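Chemist: next one to model:
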Amino acid sequence: MANEALLEEQREETRLIIEELLDDGSDPDALYTIEHHLSCDSFDALEKAAVEAFKIGYEVTEPEELELEDGTKVMCCDILSEAALNAELIDAQVEQLVDLAARFNVDYDGWGTYFEDPDAEDEEDDGEEIDDEDNGIRH
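Modeler: As a prediction, the model looks like this:
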């Protein structure tokens, strides 16, 4: 089971992110790209975690090297999903990915998404709709 203190911190952060997006006027009915951030000082460990995330249904970005403020370098990647802006659904994904990160000794660094303009015209209709039965967990 994932670190309960980290999960509680993430639950609070999730609600804050959602609240701020909605307060700023982001579309409450949009399908959002959720970017979960993983990092590690070992490329091999990060790669194993990324492969496992892919196997259970997430999209994964290419790993990149990032220099931190103190000059140390880490490898990082994003684990992506598309979901409604629903706290319980995102909490389920966070818990699944915190557990995965712990198994491979990598850091879960939170998640983010982008503002969705409710007045924007869709440039393309890809036919994707919010799945009301999505529980957040990938298989």
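Chemist: low pLDDT regions in this structure?
Modeler: Along the chain, segments meeting pLDDT under 70 span 1-2, 122-139.
Chemist: thought Ala30 was touching Asn86?
Modeler: No - taking contacts as C-beta atoms under 8 Å, Ala30 lies outside contact range of Asn86: 11.5 Å. Using the backbone N, CA and C atoms, a C-beta is placed for each residue, glycine as well.
Chemist: strands of this structure, residue ranges please.
Modeler: 32-40, 59-60, 64-67, 73-83, 107-112 (DSSP state E).
Chemist: from what I see, Thr14 and Trp111 are in contact.
Modeler: Yes - assessed by C-beta under 8 Å, Thr14 is found in contact with Trp111 at 7.5 Å.
Chemist: joint contacts of the two?
Modeler: By C-beta atoms under 8 Å, 6 or more residues apart in numbering, Thr14 and Trp111 have these common neighbours: Ile90, Val94.
Chemist: re the thing from before, and among the strands of the chain, the most buried is which?
Modeler: Stretch with highest mean neighbour count among these: strand 32-40 (a mean of 21; mean count of other C-beta atoms under 10 Å).
Chemist: so how far is that strand off the chain centroid?
Modeler: Offset of strand 32-40 from its chain centre (C-alpha atoms, centre = their mean, to the nearest Å): 4 Å.
Chemist: contacts for it, please.
Modeler: Residues from elsewhere that reach strand 32-40 (C-beta under 8 Å, 6+ apart): 46, 49-50, 53, 58, 66, 74-85, 90, 93-94, 97, 101, 104-114, 116.
Chemist: repeat the analysis, applying 7 Å as the threshold.
Modeler: Strand 32-40 has contacts (C-beta atoms under 7 Å, 6 or more residues apart in numbering) with 46, 49, 74-83, 85, 90, 93, 97, 101, 106-114, 116.
Chemist: count of residues packed around Thr14?
Modeler: Thr14: 22 surrounding residues under other C-beta atoms under 10 Å.
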